[in-house]
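Trainee: generate a structure from the sequence data that follows.
(one chain, ligands or ions: 1)
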Amino acid sequence: MARIETLPVRVGDSLVIGAGHPVVVQTMCNTHTSDVEATVAQTLELAAAGAQLVRITVPGRQDVPHVAEIKRRLREAGCRVPLVADIHFSSETAIAVAPVVEKVRINPGNFHPDHEEARRQFARFLEVCKEHGTAVRVGLNHGSLGRYITDRYGNTPHAMAMAAMEWLEMCIAADFLNVVVSLKASNTVVMVEAYRELAKRMQERGVVFPMHLGVTEAGGGDSGRIKSCVGIASLLQEGIGDTIRVSLTEPPINELPVAQYLAQRSIPVSEGSAGEGSAAAGSVAPDPVPASAGSEDGSRDAGPSDTEMLDAAILWGPKLLKREIDEIPAEAGLSEYLKDEIMQAARRRFYKPEYIACPGCGRTMYNLQETFEEVQRRTAHLKGLVIAVMGCIVNGPGEMADADWGYVGEGGGRVTIYHKSEPVLRHIPDSEAIDRLLELIEADKA
Ligand code: SF4
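Mentor: All right, here's what the predicted structure looks like:
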């Protein structure tokens with residue numbers, strides 16, 4: 001299937017997203033932005049490993065000078081990678097940082113608590129972006145659509161597409177088209193349906209913005225990689241998607257080989273020829289997984305067994321998700337473990353709890369990866385539950401809409417536990433938090 005034709009979006013001097021350009025691979029720093037040195041070092045490392053865009057969180061206006069200094073030092077070091085400022089809950093911060101970076105990601109669900117004020121602030125923001133040649137991502141997440149949208153449409157893929165269209169219409173009205181759009185969800189079915197509807201609506205509207213794909217809060221390890229592959233490959237194979245991020249609850253450098261492989265592996269057939277032996281129908285044979293993104297610091301890169309796993313997820317995941325098949329055939333020769341993981345990622349059968357875990361960013365208040373691994377170890381028997389592990393109290397609760405239980409870091413060694421969307425225990429020392437979570441789950445089952 002041919003790639004959907006989109007507008008070109010220019011980010012910085014030389015990067016173009018959409019309009020038939022190769023899929024752009026991006027990632028995000030998990031350093032504190034106020035730690036300029038650490039953020040510069042991580043960005044350099046990510047750019048050297050092939051990240052074409054690097055996002056950094058900008059929690060408030062006080063961080064804008066840090067962003068400017070990070071950019072200055074990167075350019076001084078000869079690194080031209082465009083920077084994306086990630087904004088939540090502060091339209092003023094978006095406006096303040098827009099002249100400093102090449103692109104700003106805003107989340108319409110939390111741009112401003114008042115919807116009319118959000119629209120006014122967005123118009124101001126677009127003016128600043130226009131003046132400075134800054135690109136924009138309208139980045140919606142299933143978990144944080146905002147009351148204005150969920151009261152009208154519920155918390156559905158349709159709601160996500162409708163919310164995106166409202167903000168894209170504002171961009172069109174402002175004659176500002178340097179915009180990428182994303183509709184991420186941790187549920188692969190929701191994510192794929194949302195993007196499909198959005199693509200259709202933009203085509204009907206006659207203005208198609210490039211789409212940034214991602215399965216948000218996918219977790220880590222094999223499950224995070226497989227879930228990302230299933231969701232992202234399903235859309236890329238349909239010609240939807242111009243830039244991708246594989247979000248993992250691991251060091252961000254680990255995301256790059258997976259995303260690079262996925263981008264190469266899922267190119268629609270019209271852009272190349274699907275050779276004999278190509279495992280995924282409609283795909284071209286991939287180049288080898290880049291070896292550069294690997295690691296002396298213990299981060300893992302996609303070696304041969306990872307490649308086999310990614311190929312299986314890219315081949316079988318979309319077929320399951322689209323309900324073309326109900327099971328992975330025995331002839332596929334996959335292990336039971338791999339079959340179970342792919343079935344769960346495509347949401348066809350659940351063999352263990354479903355985990356939602358954010359990748360962490362400059363807002364993360366504790367050792368997220370270690371905690372997530374510990375939570376998984378100790379809750380592995382709780383099949384049927386959805387358990388979230390989130391890095392910050394500011395954004396975490398809003399982003400875990402589907403979770404039955406949530407473990408949310410507050411900072412200062414304290415944790416809040418959520419049941420559905422309600423905080424049920426606050427300020428628990430992190431040394432006790434998993435025990436308390438398990439007690440609550442047991443009591444709830446009793
Ligand atoms: S939920 Fe996680 S990724 Fe999102 S802002 Fe908080 S720490 Fe960052």
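
Trainee: show me the strands in the stretch 151-300 of the chain, by range?
Mentor: 179-184, 212-213, 243-244 (DSSP state E, counting those that start in this stretch).

Trainee: as a markdown table, these with distance to the ligand, mean pLDDT and mean neighbour count would be great.
Mentor: The way it works is simple: take the backbone N, C-alpha and C, and place the C-beta from them, glycine included. Output for these, formatted as a markdown table (distance: least, C-beta to the nearest ligand atom, whole Å; pLDDT from 0 to 100; neighbours: other C-beta atoms under 10 Å):
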| stretch | distance to the ligand | mean pLDDT | mean neighbour count |
| --- | --- | --- | --- |
| strand 179-184 | 11 | 96 | 27 |
| strand 212-213 | 15 | 98 | 28 |
| strand 243-244 | 17 | 98 | 28 |
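
Trainee: any weak-confidence spans in the stretch 301-446 of the chain?
Mentor: Along the stretch 301-446 of the chain, the parts satisfying pLDDT under 70 run over 301-304.

Trainee: up against the ligand, what does it have?
Mentor: Contact residues, the stretch 301-446 of the chain versus the ligand (C-beta under 6 Å from any ligand atom): 358-361, 363-364, 390-392, 395-396, 399.

Trainee: repeat that with 8 Å
Mentor: Within reach of the ligand by C-beta under 8 Å from any ligand atom, the stretch 301-446 of the chain has these residues: 358-365, 368, 390-392, 394-396, 399, 409.

Trainee: just the stretch 1-150 of the chain next, same as before
Mentor: 28, 30, 57, 86, 88.

Trainee: name the nearest residue to the third one, ignoring sequence neighbours.
Mentor: Spatially, and ignoring its direct neighbours in sequence, residue 57 is nearest to residue 362 (3.9 Å; C-beta to C-beta, 6 or more residues apart in numbering).

Trainee: that neighbour should be in a helix, yeah?
Mentor: No. Per DSSP: H, G, I helix; E, B strand; the rest coil, residue 362 lies outside any helix segment and is coil.

Trainee: tell me who's in contact with it.
Mentor: 29-34, 39, 56-57, 59 (C-beta atoms under 8 Å, 6 or more residues apart in numbering).

Trainee: out of these, who's nearest the ligand?
Mentor: Of all the contacts of residue 362, residue 57 has the smallest distance to the ligand: 6.3 Å, by C-beta to the nearest ligand atom.

Trainee: how would you label residue 433: helix, strand or coil?
Mentor: Strictly by three-state DSSP, residue 433 counts as helix.

Trainee: surely residue 325 touches residue 318?
Mentor: No. Counting by C-beta atoms under 8 Å, residue 325 does not reach residue 318; the two are 10.1 Å apart.

Trainee: if you count what's nearby, which of these two comes out ahead?
Mentor: Using other C-beta atoms under 10 Å, the more surrounded residue of residue 325 and residue 318 is residue 318, with 27 against 12.

Trainee: quickly find the element holding the more buried one.
Mentor: Using DSSP states H and E, residue 318 falls within helix 304-321.

Trainee: tell me what angle the helix or strand following that helix forms with helix 304-321.
Mentor: The C-terminal neighbour of helix 304-321 among helices and strands, as given by DSSP H and E, is helix 336-345. If you take axes from the mean of the first three to the mean of the last three C-alpha atoms, to 10 degrees, helix 336-345 sits at 40 degrees to helix 304-321.

Trainee: give me the buried positions along helix 336-345.
Mentor: Residues of helix 336-345 classed as buried under the neighbour-count rule (16 or more other C-beta atoms under 10 Å) are 338-345.

Trainee: of these, just say which sits nearest to residue 15.
Mentor: Of all the buried residues of helix 336-345, the one with the least separation from residue 15 (C-beta to C-beta) is residue 345, at 30.1 Å.

Trainee: that closest one is in contact with residue 316, isn't it?
Mentor: No. Look at residue 345 against residue 316 with C-beta under 8 Å: they stay out of range, at 9.7 Å.

Trainee: related to what we said a few turns ago, how far out from the middle of the chain is the helix holding residue 318?
Mentor: Its chain's C-alpha centre and that of helix 304-321 lie 19 Å apart, by C-alpha atoms, centre = their mean, to the nearest Å.

Trainee: do stretch 21-33 as well
Mentor: 10 Å.

Trainee: let me see the domain layout of the protein.
Mentor: 9-285+302-330, 354-445 (automatic domain parsing).

Trainee: all helices for the protein, in order.
Mentor: Applying DSSP state H to the chain gives helices spanning 36-48, 64-76, 91-97, 115-132, 147-153, 157-173, 188-205, 221-237, 255-265, 304-321, 336-345, 368-379, 396-399, 430-445.

Trainee: what would those helices look like in a markdown table with distance to residue 14?
Mentor: Below are the helices of the chain laid out as a markdown table (distance: least, C-beta to C-beta, whole Å):
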| stretch | distance to residue 14 |
| --- | --- |
| helix 36-48 | 13 |
| helix 64-76 | 14 |
| helix 91-97 | 21 |
| helix 115-132 | 17 |
| helix 147-153 | 36 |
| helix 157-173 | 23 |
| helix 188-205 | 26 |
| helix 221-237 | 23 |
| helix 255-265 | 18 |
| helix 304-321 | 29 |
| helix 336-345 | 35 |
| helix 368-379 | 33 |
| helix 396-399 | 32 |
| helix 430-445 | 44 |
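
Trainee: any of the residues of the stretch 301-446 of the chain next to the ligand buried? List them.
Mentor: 358-365, 368, 390-392, 394-396, 399, 409.

Trainee: sorry, back to before: could the domains of the chain be laid out in JSON lines, adding distance to residue 2?
Mentor: Below are the domains of the chain laid out as JSON lines (distance: least, C-beta to C-beta, whole Å):
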{"stretch": "domain 9-285+302-330", "distance to residue 2": "4"}
{"stretch": "domain 354-445", "distance to residue 2": "31"}
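
Trainee: neighbours of residue 305, how many?
Mentor: Burial of residue 305 is recorded as 9 neighbouring residues (other C-beta under 10 Å).

Trainee: and it, how far is that from residue 338?
Mentor: Going from residue 305 to residue 338 by C-beta to C-beta, to the nearest Å gives 10 Å.

Trainee: just residue 134 next, same as before
Mentor: Taking C-beta to C-beta, one finds residue 134 at 43 Å from residue 338.

Trainee: cool, and residue 48?
Mentor: 32 Å.

Trainee: for residue 115, which non-adjacent residue is closest in space?
Mentor: residue 148 (4.4 Å).

Trainee: wait, I meant residue 18
Mentor: residue 210 (2.9 Å).

Trainee: so who does that neighbour touch?
Mentor: So residue 210 contacts 6-9, 17-19, 180-181, 242-243 (C-beta under 8 Å, 6+ apart).

Trainee: just among the residues you listed, which is most surrounded?
Mentor: residue 17 (29 neighbours).

Trainee: what bridges to it?
Mentor: On the basis of DSSP bridges, residue 17 is bridged to residue 9.
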